[in-house]
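# I'll drop the sequence and a predicted model, then ask my questions.
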Amino acid sequence: MKIILPLKFALAALALGVAALAQADAYPSRAVTLVVPFPPGGAADTVGRYYAEQLSASLGQPVVVDNKPGAGTAIAAEAVAKAKPDGYTLSLATAGQLTILPNLQKGLRYDPLQDFTPVAVLASVPNVVAVPAASKVDTLQALIDQAKARPGALSYSSCGNGTLCHLSGELLKNLAGIDLLHVPYKGSAPAVTAVLGGEVDVAVDTLTVLAPQIQAGKLKGLVLSSAQRSPLLPGVPSASEAGLPGFEASGWFGLVLPKGASPQLVEQLSAAIAAIAQAPQTAERFAQNGISVEHSTPAGFAKLIADDGARWGEVIRAGNITLE
Amino acid sequence: MRDALQRAATARPHSLTLNLDAREVLAGCLFLGFGLTGLLVGSAYASGTAMRMGAGYFPWLVSLALCGLGVALLVRGLWLGREKVTLDGLFIVRPALAISASVVAFALLLPSLGLALATLCMTLLSGLGRHKAHLGELLAVGSALGLFSVLVFGYGLGLNLPAWPV
Amino acid sequence: MELLAHLGIGLEAAFTLNNLLYCLIGVTLGTLVGVLPGLGPVATIAMLLPITYGLSPAAALIMLSGIYYGAQYGGSTTAILVNLPGESSSVVTCLDGHAMARKGRAGAALAIAAIGSFIAGSLSILLLAAAAAPLAEVALKFGPAEYFSLMLLGLVAAVVLAQGDVLKAVAMTLLGLLLGLVGTDVNSGVERFTFGLPQLSDGISFVVISMGIFGIAEIIANLERSRGQPPQVARVGSLMPTREDYRRSWKPMLRGTGLGAVLGVLPGGGAMLGAFASYMVEKRIARHPERFGQGAIEGVAGPESANNAGAQTSFIPMLVLGLPSNAVMALMAGAMMIHGIVPGPQVIDERPELFWGLIVSMWIGNLLLLVLNLPLVGIWVRLLSVPYRLLYPSILLFCCIGVYSVNNSLFDVLLTVAFGLLGYLFIKLRCEPAPLLLGYLLGPLMEENLRRAMLLSRGDPTVFVTRPLSLTLLILCVLAVGLMLIPRVRATRHVAFSED
């Protein structure tokens, strides 16, 4: 599904092609497109739109969000990889797109480390492991004990095969040394519905998705896949508090440019992002969705991509996870 | 089609004669073809176990059933035909060709010529699908539709389509 | 008492000038995109979502939901007039609605569709207000085994829908299933039947299949059949339904409402199943089932009511649990997030004015749609008297723009032409397209749930008969197949006896 933009945005996008010939004196001299690889409405879109709006103000040119969903972010990633590195095509990129898909999908037509220039990480969301309110399990340790007593008898739902939800579940299995049956769903909503209905025993999904259900008392949160607790769910222990240090698996959203972008351009955008990230209203805006605002240097972001990529690669090999 | 249906209704089977029903045979071949393609392409996907069905299990099942029905239709058309149907005059190429060409032309021309002119070209080409077409009438209809599409789809709904030649 | 107090809150929220205005804008826009084939509520809502930034959350939700159920009203218009289902839910309406139009009864069909939609909308909104929470529990009770059995029942319905040959109908359903499997497999993530084309990795879109097999194929067949002469459309009789029409329609409307409302709560494909189920029920219990497909008004009244009832109740999982059940609801949840409201079970308690305001506005919207659509009937019917040689280029244009605008992709248009030619072949070979479309819609859901059910049961197939709800649905399947065969047996016996 490609999202149709209003006419004025369309004209702005068209202008991109025409004006590409004219040498721009000061960046940016015209509208900038921010590609979001998801349809409007999700967490990625919310983050993308906020930063687009703020960047419009700080760059002095409209930053237009272009939703390019499809093929699990591959469509957007390919389009951005082929775009000119002139700064007029930016892209939101997710952890899954840059660190998981390359480890899983054969015949991927882009290279996450070579085809993009990382600018900055924008925000991150930890995952939560939760069980239905009616479940006898109250703590992570109880869950691990039960799973050890009956290996493979318990099941967990994920928002899809090869997603961060899935790999976080696999990481939990590896670290705790337990066997849970993975049941993939088409997105978070049906995966959570399955746990609410008692179809599946455990849910592994983002804080954004699970916090409302835990707050409403429909699910019990056992552990947050992060080093600290979240103010959104003060009752849910962090990874080390729950006795599983190393269970740190956050999904993140970052900003990338096509490969070959000039260092000045990266520096300019990085500075603009830093200013936005430090503004108090930014953290406030995302707090209720469980999204924490992050910021890093371009080099720091590159390291994050490489480290996470290596880590998920290990989990994928350990769990023998394939898309076949 | 109504005529054809009426004819079919009046020509109900009274006796079992050996007629070759080309329609049934062709339909049988078509479904058999799709079924075989499904089996062939689907053979690359893992079939898995009863608990963990692979990506190939369901397509295999469906393709196999489709093949079976294709064969059943073939048999029925070849030996159990209720009426004799030949392929003579069953298909008329002109409208199919003209309409396909007009749609393809629209999509090819839209990015460069814009909505208005692409619509006009499409209307003119689609006019060839009829036996006798009035050029004047087609021009009028095409221009009116072109204007309409620019106003409604371009400006009204704000679709991401160029209205005029770029 | 509590309900009245809640409705009071809702009335107060919905009856502000601002919210009424956005409700009107929403339903008008919805009718428009519903009438225009190919443009659906999903694309429209996605396009308007960023614009709602500036509105109040209530106004934004009221407008966006108006687009959704408004499109259900509009979709039936195109289905009846030109036999083109722009929405998956109006596939069924084509069958008898268009047959009525060909008999010069388009006015009656359009009016009954609008009235049925209004009645169904009103009743299901009442249900939504009174029992949203218990209904949400129903959605949770539906596991993969139940879904699989329900989909199987849907496929049986597909064969029952068919007018002609059963063998061909089954084959078309199976072909539809196969087409539905094109794209990325949910359970394993592997791409199937894409022939290495990235454009196919998300599957073949409904718009492409429907515009090809219904839109373009029909135009080709009409042109060749008429040899340049417009196909005969009977003279328009009375614009409005007759007393006889109402007598025949009211029961199907109520049954359709019930079926649509219950199935609409189920996530994923529920709303569309309602229309199919209603058609199947009406055809089964009719004294003269052979009238169906020839312009039986029950075949319009039932499914159209089911459609709209399902559209209203499909809000339940999103509003009560914060879990969107389809693409439109996911966008609505997104609209809430844009306004800083976290979709979840707490919304009803924390923002009662939002929940109840939306519910009351939905009723107002349905009323507006009735008022909007009934006078339009006259105009639409007049469209039918336009000579076909002038009409078909515009149908073609709507098909083209509808397909092209989904992805701005030439590939999609070429694929549509291919389906158009395939559809033309089907018309010539007397294979009806409706079962194919139903198979295409249900196939992926059926496979997904079959595999999930087997995974959860650890490979034990008895799960389908040991769960009571699933067993009930399977028994219904067997009954439907049995009932389908019995009249045939009886008919052949009758013939045999008369020939004696």
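Nice, I can see it.

# Tell me which other helices or strands the host helix or strand of A:Ala142 touches.
Assigned by DSSP states H and E, A:Ala142 falls within helix A:140-149. Counting by 3 or more Cβ pairs under 8 Å, 6 or more residues apart in numbering or on different chains; DSSP states H and E, the packing neighbours recorded for helix A:140-149 are strand A:116-132, helix A:164-176, strand A:219-224. Yep, even glycine has a C-beta here, placed from its N, CA and C like the rest.

# can you tell me which residues contact the residue lying farthest from the centre of chain B?
Distance from the C-alpha centroid of chain B, by Cα atoms, centre = their mean, peaks at B:Met51 (38.3 Å). Contact partners of B:Met51, counting by Cβ atoms under 8 Å, 6 or more residues apart in numbering or on different chains, are C:454-455, C:457-459.

# so is it in a helix, a strand, or just coil?
Put simply, B:Met51 is coil when judged by DSSP: H, G, I helix; E, B strand; the rest coil.

# on that earlier part again, in a markdown table, list the helices and strands packed on helix A:140-149 along with mean pLDDT.
Putting those into a markdown table (pLDDT from 0 to 100) gives the following:
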| stretch | mean pLDDT |
| --- | --- |
| strand A:116-132 | 90 |
| helix A:164-176 | 90 |
| strand A:219-224 | 93 |
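
# Number of residues surrounding residue 61?
Chain wasn't specified; assuming chain A. Neighbour count for A:Gln61, taken as other Cβ atoms under 10 Å in any protein chain shown: 16.

# My question was about chain B, not that one.
Residues near B:Leu61, counting by other Cβ under 10 Å, number 18.

# Assumed it was part of a helix.
Yes. According to three-state DSSP, B:Leu61 belongs to a helix.

# For chain B, give me the ranges with low pLDDT.
By pLDDT under 70, the low-scoring segments of chain B are B:1-19, B:81-82, B:88, B:166.

# quick check: domain ranges of it?
Domain assignment of chain B by automatic domain parsing yields the ranges B:2-79, B:93-156.

# which one of those domains has the most crowded surroundings?
Among the domains of chain B, domain B:93-156 has the highest mean neighbour count (mean count of other Cβ atoms under 10 Å in any protein chain shown), at a mean of 19.

# That domain vs chain C: in contact?
Yes. Applying Cβ under 8 Å from any Cβ of the partner chain, one finds domain B:93-156 touching chain C at B:94-96, B:98-100, B:102-104, B:106-108, B:110, B:119, B:122-123, B:126-127, B:129-132, B:137-138, B:141-142, B:145, B:148-149, B:153.

# Out of those, which sit inside helices?
B:94-96, B:98-100, B:102-104, B:106-108, B:110, B:119, B:122-123, B:126-127, B:137-138, B:141-142, B:145, B:148-149 (DSSP state H).

# still on that earlier bit, state the next helix or strand along the chain beyond the helix holding A:Ala142.
strand A:155-158.

# Skipping its backbone neighbours, what lies nearest the residue farthest from the centre of chain B in space?
Nearest-residue entry for B:Met51: C:Gly459, 3.1 Å, with adjacent residues in sequence omitted and distances by Cβ to Cβ, 6 or more residues apart in numbering or on different chains.

# Helix, strand, or coil at the one you found?
Strictly by three-state DSSP, C:Gly459 counts as coil.

# Now do the contacts for it.
B:49-52.

# Identify the farthest-apart pair in the residues you listed.
Pairwise distances among the contacts of C:Gly459 were taken by Cβ to Cβ; the largest, 8.2 Å, belongs to B:Ala50 and B:Arg52.

# Quick check: neighbours shared by the two?
Common contacts of B:Ala50 and B:Arg52 (Cβ under 8 Å, 6+ apart): C:454, C:459.

# Determine the set of other helices and strands touching the helix or strand harbouring A:Ala194.
Using DSSP H and E, A:Ala194 falls within helix A:188-196. Helix A:188-196 sits against strand A:116-132, strand A:155-158, strand A:202-206, helix A:207-215, strand A:219-224, helix C:106-141, with contacts defined as 3+ Cβ pairs under 8 Å, 6+ apart.

# next SSE after the last one?
Next helix or strand after helix C:106-141 toward the C-terminus (DSSP H and E): helix C:144-161.

# Next one: that following helix, is it in contact with chain A?
Yes. Helix C:144-161 is in contact with chain A by Cβ under 8 Å from any Cβ, via C:Pro144.

# wait, does that helix make contact with chain B?
No. Residues of helix C:144-161 contacting chain B under Cβ under 8 Å from any Cβ: none, with a closest distance of 11.0 Å.

# got the CA positions of that helix in PDB?
This file holds the C-alpha atoms of helix C:144-161, laid out as PDB (Å, rounded to 0.1, in the frame of the first residue of the first chain):
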ATOM      1  CA  PRO C 144      -7.400 -20.300  15.300                       C
ATOM      2  CA  ALA C 145      -9.500 -23.500  15.200                       C
ATOM      3  CA  GLU C 146     -12.700 -21.500  15.200                       C
ATOM      4  CA  TYR C 147     -11.400 -19.200  12.500                       C
ATOM      5  CA  PHE C 148     -10.400 -22.100  10.300                       C
ATOM      6  CA  SER C 149     -13.900 -23.600  10.600                       C
ATOM      7  CA  LEU C 150     -15.500 -20.200   9.900                       C
ATOM      8  CA  MET C 151     -13.400 -19.800   6.800                       C
ATOM      9  CA  LEU C 152     -14.400 -23.200   5.600                       C
ATOM     10  CA  LEU C 153     -18.000 -22.200   6.100                       C
ATOM     11  CA  GLY C 154     -17.200 -19.100   4.100                       C
ATOM     12  CA  LEU C 155     -15.900 -21.200   1.200                       C
ATOM     13  CA  VAL C 156     -19.000 -23.400   1.300                       C
ATOM     14  CA  ALA C 157     -20.900 -20.100   1.000                       C
ATOM     15  CA  ALA C 158     -18.800 -19.300  -2.100                       C
ATOM     16  CA  VAL C 159     -20.000 -22.400  -3.800                       C
ATOM     17  CA  VAL C 160     -23.600 -21.700  -2.700                       C
ATOM     18  CA  LEU C 161     -23.400 -18.200  -4.100                       C
END
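
# Quick check: mean pLDDT of it?
If you average the pLDDT over helix C:144-161, you get 86.

# can you state the direction angle for that helix and helix A:188-196?
Angular relation of helix C:144-161 and helix A:188-196 on a 0 to 180 degree scale: 120 degrees, by axes from the mean of the first three to the mean of the last three Cα atoms, to 10 degrees.

# related to what we said a few turns ago, neighbouring contacts of the helix holding A:Ala194?
Residues outside helix A:188-196 that contact it (Cβ under 8 Å, 6+ apart) are A:130-132, A:157-159, A:165, A:183, A:185, A:200-203, A:205-206, A:209-210, A:213, A:218-219, C:139-140, C:143, C:267-268, C:317, C:321, C:323-325, C:330.

# cool, and stretch C:366-376?
Against stretch C:366-376 from outside (Cβ under 8 Å, 6+ apart): C:23-24, C:27-28, C:30-31, C:69-70, C:73, C:77, C:110-111, C:114-115, C:117-118, C:121-122, C:125, C:308.

# Tell me which residue in chain B sits closest to chain C.
Of all residues in chain B, the one sitting closest to chain C is B:Met51 (3.1 Å; Cβ to the nearest Cβ).

# Got phi/psi on that residue?
Main-chain torsions, B:Met51, degrees, to the nearest 10: phi -80, psi -50.

# Can you verify C:Thr194 is assigned to a helix?
No. Counting by three-state DSSP, C:Thr194 is located in no helix; its state is coil.

# Could you tell me how many residues sit around it?
For C:Thr194, the neighbour count with other Cβ under 10 Å is 19.

# Touching, it and C:Val182? I think so.
Yes. With contact defined as Cβ atoms under 8 Å, C:Thr194 and C:Val182 form a contacting pair (6.5 Å).

# Name the residues contacting each of the two.
C:Leu200.

# Contacts only, for the closest residue to C:Pro352 other than its chain neighbours.
Spatially, and ignoring its direct neighbours in sequence, C:Pro352 is nearest to C:Ile9 (5.3 Å; Cβ to Cβ, 6+ apart). By Cβ under 8 Å, 6+ apart, the contact list for C:Ile9 reads C:352-353, C:356-357.

# Right, I'll call it a day here.
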